[in-house]
Each structure stands twice: as structure tokens, then as C-alpha cells.
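> Just a sequence and a predicted model for now, questions to come.
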Amino acid sequence: MIKIKFLGALSEVGASAILLKIRNKKFVLDYGIKQTEKEPIFPPIINYFDAIFLSHSHLDHCGALPILIKNRNVPIFSLEINKYLTNLLLIDTLKIAKEENYSLPFSKKDIKQTEKCFAAINYRETLIFEDIEIKFFDAGHIPGSAMIFLKYDKNSILYTGDFNYNDTRLVKGCDKEIPKPKILIIESTYSYKDHPDREKEEKRFCEEIKKVLENNGIVLISAFAISRAQEIMLILKEHLNKKFYLDGLAKQVSKLFLKYSNLLKDKKKYRKALKKAKFVKSKKERKKIVNESCIILTPSGMLNGGPVVDYIKMLYKDENSALFLTGFQAPETPGRKLLEQGKFIYKDIELDVKMRVLSFDFSAHAGKTELFKFIEELEPEIIFCVHGDYTIEFAEELKSKGFNAIAPTKENNLFKF
Ligand SMILES: [Zn+2]
Ligand SMILES: [Zn+2]
């Protein structure tokens, strides 16, 4: 018998966590947090389990791992890079909590214990738990991201985690030869729309950069530290080939990607792109570099902390400069508020932003067309739609096309087969 319990990412993005019981074995698929304006929200605690399978290192998938691991010794299977990426993110989460003056239900010691529990697995390598087989497939979302395939008797489950069907500059799209599962658990982030044409979006981005530089302004690009900043680096190299400043957590992540360059689409291009980066090493240096027209690439992606806040404080009045947002802006984040109200509202700061603010779509998720294409190729018997604001609508649309689809909710989250 198989039991699937969805603990998070139900009709929303955040706190992805699934508990899977296959015969007498219990597995956890991802265990992330939901980021809010203030303190993060954690999924419910699980008391007993045999192993964790982690799809990738984004906080909504890995951010709650330390509370699950506390004083325990349970393996976290994932691609090796995730041991280091998750660690960087968790330490950063602890730092932010300290700065923002709230407490987290885990400590540095718990993060260390979490790091120890990581067990490396490669794509397409088979892991065996008695008569249950587990395989990780490339999800094409960020370096080291995986879809998790589990097989037991005549049953099989594929959990997509976050995935991208098409290539980006940084990574190739997902594996196209995944075995057909009976049960598919699919992310639904962009089930309601398609992304703009990537090439056109890149050109628009670079044209806007040129305009700002021609006016002697500063281009401040905010990006997620993991993957988005590196994708932007590659775009800059391809179209502009100019030096730029790189700040914050994106520096360590960029160096780590060099070490795991086998996970990248083009190692050589990546190396060349990174060579154009000048690392900003201190707050003092930040003050110095804004005296001249330049490009600055820095986290955080939604303006909720990170060096980007320092730069906004220095540049918000400058009409010749511009702030470029390069990712999804979640509701209630300073990035979303800035787009809606023209004001930068963060902690006790409220600034009338005079610099231009533009937003671009460089998403690493499959768009609507690709989600349907992926499902049509796999022909699953049952589909669970999770990780999206419109999972209910997505399931309805799938049903109208003849699929058996369900959007689990808080009230309806346990399924048996
Ligand atoms: Zn992700
Ligand atoms: Zn996610």
C-alpha cells in the first residue's frame, strides 16, 4: 500500500513537504519553509521516517530541514551540490532572523547536523530500500535540481519538484526520458500562463541597461543568489560583454557552481561570464562603487534583505539610475510593493523611489504550454497539482482534457492507493 500525505505547497508556493509511506517505509520528499514578510512558516513536524529525498536547494524546499533532523541521523539523499547550497541558505536564514530580531526553531548546531546527514546521489543512479527503487532525474530548474522517481511493485510515483522543460543559459532543460509514472506529483507555479519569448526578453533587458549607462546612471540588478544571478551573468556576457559588480550570497554560489561545472550547460561560457564579475567585499566598497556609472548584480531577488537594500538606500533618488527586478515577486514582499506602489517599504524604511524600476521574466520554471506537454508525454493515471497559486484551476483544466487530476488542499491532503 502507498500513502501520500501533502504537508505544504497546497494551492500556494512555499513549504513544500510530502510524506510518503510505502509498505513499512516512510520517506519525506522536500521539507521547505514558506517565506512571509516576517518570520517563515514551517510544515508540520514528522516524528518517524527512514529517509529524506531533496529535490533542490531553494528555501521553499530545503529551508525546514534542520527541524526535521534535530538530533537525528537520517540520510538526506540529493545531488552532492545541495549539501553546500542548502548550508549556505540555512546559515543566511539564521543571519536574517538575527538581523530582523525573531527566533527560529533551529540553531547553528542543527544546521551542522543537517549538513552531516546529506548523502550524495547522481542523476539516474538507482537507490534501493528493500523492494522500493528510487531514481533522481535532472529537473532542469537549477544546478543539482532533481525529479524523484519511486517504484514499488506495479506502482510508481514521479515528484517533479520545481522543473523547467526548456534550456536556460545556465542549465539544460529537464531529462526527456523519464519512465512513465502511474502517479505524478507536479509543480504548478506557471500553470496559468506562458513566459515571454526568452530572446526578446534578453534583448529588452540589455537595451534598457545600455540606456541607463548612456545616461551615466547605475544599473542595479536584483536577483536570487542561486541560479538567477548566474543566469543574468551569462546574459550580460552574451549581449554586452562588460565588467559588472557582484555582491552578497551570489558570490559564494557562483564559485560553488564552478566546482560543480558538470551540472552546467556550458562550463566554458560560465567561466568566461564569471571572469567579468568584480566581487564587492565590504559595505565601504559599496559606497565607493556607486560614485560611477556601472552595473551591480546582487541579491536578494525580492528586495527583502541582502546588499540590494544598501544600494537602494544610496540610489533611490537618482533618476538616471535604474533598478531591474529579474524574478517572481511574492505578495507582500518589498519587491511586489515597489512595483505596485512605487515605494520601497522595508522594516522601518519607506522611500519614494525616483530611480526607474523595471521587471523582467527570466523564470526557471516550465510555463503553461510546457506543463501540459510534459503531462501529455508521461500519460500518468493520477496527477496531483501542488506548488502554485492556481492548482485547483490547473486540476480542473487537466480534468477537462481527460486526465484524472487532484489539487490537494489543507482539508483533503491524504491519499491511499
Ligand atoms: Zn526552486
Ligand atoms: Zn519551489
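Alright, I've got the coordinates. Numbers count the residues shown, from 1 in each chain. Ligands and ions are numbered 1, 2, ... in the order given.
> and stretch 105-114, which residues are buried?
Judged by neighbour count using 16 or more other Cβ atoms under 10 Å, the buried positions of stretch 105-114 are F106, D110, I111, Q113, T114. For every residue, glycine as well, the C-beta is placed using N, CA and C.
> Then stretch 161-172?
Of the residues in stretch 161-172, G161, D162, F163, N164, Y165, T168, R169, L170, V171, K172 count as buried by neighbour count, 16+ other Cβ under 10 Å.
> Ramachandran angles for the residue of the stretch 301-417 of the chain found nearest ligand 2?
When scored by Cβ to the ion, the stretch 301-417 of the chain has H387 as its residue closest to ligand 2, at 5.7 Å. Main-chain dihedrals, H387, degrees, to the nearest 10: phi 60, psi 70.
> Run through this protein and note the low-pLDDT ranges.
Applying pLDDT under 70 to the chain flags the ranges 37.
> Close to ligand 2: what parts of it are there?
Residues of the chain lying close to ligand 2 (Cβ under 5 Å from the ion) are D60, D162.
> Can you give me the domain boundaries for the chain?
Structurally, the chain divides into domains by automatic domain parsing as follows: 2-193+364-416, 198-359.
> quick one, what contacts the residue of the stretch 301-417 of the chain closest to ligand 2?
With contacts taken as Cβ atoms under 8 Å, 6 or more residues apart in numbering, H387 has the following neighbours: A9, V13, S16, D60, D162, E187, S188, T189.
> Name the member of these with the most neighbours.
Neighbour counts for these were taken using other Cβ atoms under 10 Å; the highest belongs to S16, with 32 neighbours.
> ok but E99 is inside a strand, no?
No. Assessed by DSSP: H, G, I helix; E, B strand; the rest coil, E99 does not belong to a strand; its assignment is helix.
> ok, now which ones touch the closest residue to L263 other than its chain neighbours?
Leaving out its chain neighbours, the residue that sits closest to L263 by Cβ to Cβ, 6 or more residues apart in numbering is P143, at 4.0 Å. Listed by Cβ under 8 Å, 6+ apart, the contact set of P143 reads I81, L170, V171, S227, F257, Y260, L263, L264.
> again with N164
N164 neighbours (Cβ under 8 Å, 6+ apart): A139, G140, H141, V171, G173, C174, S363, A364, H365, A366, E370.
> Residue nearest the middle of this protein, spatially speaking?
For the chain, the residue whose C-alpha lies nearest the mean C-alpha position (Cα atoms, centre = their mean) is H58; its distance is 4.2 Å.
> And it, how far from I349?
27 Å (Cβ to Cβ, to the nearest Å).
> ok, N82 touching F118?
Yes. Proximity of N82 to F118 meets the contact threshold set by Cβ atoms under 8 Å, at 6.9 Å.
> so of the contacts of H387, which ones are in strands?
Secondary structure of those is defined by DSSP state E; positions in strands are E187.
> how many other residues sit next to F417?
Neighbourhood size, F417 [other Cβ under 10 Å]: 13.
> mind starting the numbering at 243 from now?
Happy to do that; since the first residue is 243 now, the last one works out to F659.
> mind listing what the closest residue in space to it that isn't next to it in sequence touches?
With sequence-adjacent residues excluded and distances taken as Cβ to Cβ, 6+ apart, F659 is closest to I244, at 4.6 Å. Residues counted as contacts of I244 (Cβ under 8 Å, 6+ apart) are L262, K263, I264, Y394, N397, I399, I425, K658, F659.
> measure the closest residue to ligand 2 within the stretch 343-492 of the chain to L336 for me?
Using Cβ to the ion, the closest approach of the stretch 343-492 of the chain to ligand 2 is made by D404 at 4.3 Å. When Cβ to Cβ is the yardstick, D404 and L336 sit 23 Å from each other.
> ok so, going back, may I see the domains of the chain arranged in a markdown table, with distance to ligand 1 as well?
Putting the domains of the chain into a markdown table (distance: least, Cβ to the ion, whole Å) gives the following:
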| stretch | distance to ligand 1 |
| --- | --- |
| domain 244-435+606-658 | 4 |
| domain 440-601 | 8 |
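> Report the contact partners of A564.
With contacts taken as Cβ under 8 Å, 6+ apart, A564 has the following neighbours: E450, V454, G459, I460, V461, L462, M597, R598, V599, L600.
> Report the secondary structure state of the residue lying closest to the third one once chain neighbours are set aside.
If I follow you right, that is G459. Nearest non-adjacent residue to G459, counting by Cβ to Cβ, 6+ apart: N562, 3.5 Å away. Local secondary structure at N562 is given as coil here, using three-state DSSP.
> tell me, how many neighbours does N562 end up with?
For N562, the tally of surrounding residues (other Cβ under 10 Å) stands at 17.
> Surely it is in contact with K453?
No. At 10.0 Å, N562 and K453 do not qualify as touching, with contact defined as Cβ under 8 Å.
> and of the buried residues of stretch 347-356, the nearest to R578?
Minimum separation from R578 among those (Cβ to Cβ) is found for F348, which lies at 27.6 Å.
> doesn't the closest one fall inside a strand?
No. The secondary structure assignment for F348 gives coil rather than a strand, going by three-state DSSP.
> check contacts around it.
Taking Cβ under 8 Å, 6+ apart as the contact definition, F348 lies against P308, I309, K312, L336.
> Now a PyMOL select for only the buried ones of those residues.
A single PyMOL command selects the buried members of these (16+ other Cβ under 10 Å):
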select buried, resi 308+309+336
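> In a markdown table, list the contacts of F348 along with secondary structure and distance to T633.
Below are these laid out as a markdown table (DSSP: H, G, I helix; E, B strand; the rest coil; distance: Cβ to Cβ, whole Å):
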| residue | secondary structure | distance to T633 |
| --- | --- | --- |
| P308 | helix | 28 |
| I309 | helix | 25 |
| K312 | coil | 31 |
| L336 | helix | 31 |
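> Now flag whichever of the contacts of F348 is closest to I624.
When the contacts of F348 are compared for distance to I624 (Cβ to Cβ), I309 wins out at 30.3 Å.
> So the closest one sits against I287, correct?
Yes. I309 is within contact range of I287, at 6.9 Å (criterion: Cβ under 8 Å).
> Switch the contacts of N406 over to a markdown table; also include secondary structure.
Listed next are the contacts of N406 as a markdown table, based on three-state DSSP:
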| residue | secondary structure |
| --- | --- |
| A381 | coil |
| G382 | coil |
| H383 | coil |
| V413 | coil |
| G415 | coil |
| C416 | coil |
| S605 | coil |
| A606 | coil |
| H607 | coil |
| A608 | coil |
| E612 | helix |
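> The nearest residue to K518 once chain neighbours are set aside: neighbour count?
For K518, the nearest residue in space outside its immediate sequence neighbours is K485; the separation is 5.4 Å by Cβ to Cβ, 6+ apart. Close neighbours of K485, defined as other Cβ under 10 Å, add up to 12.
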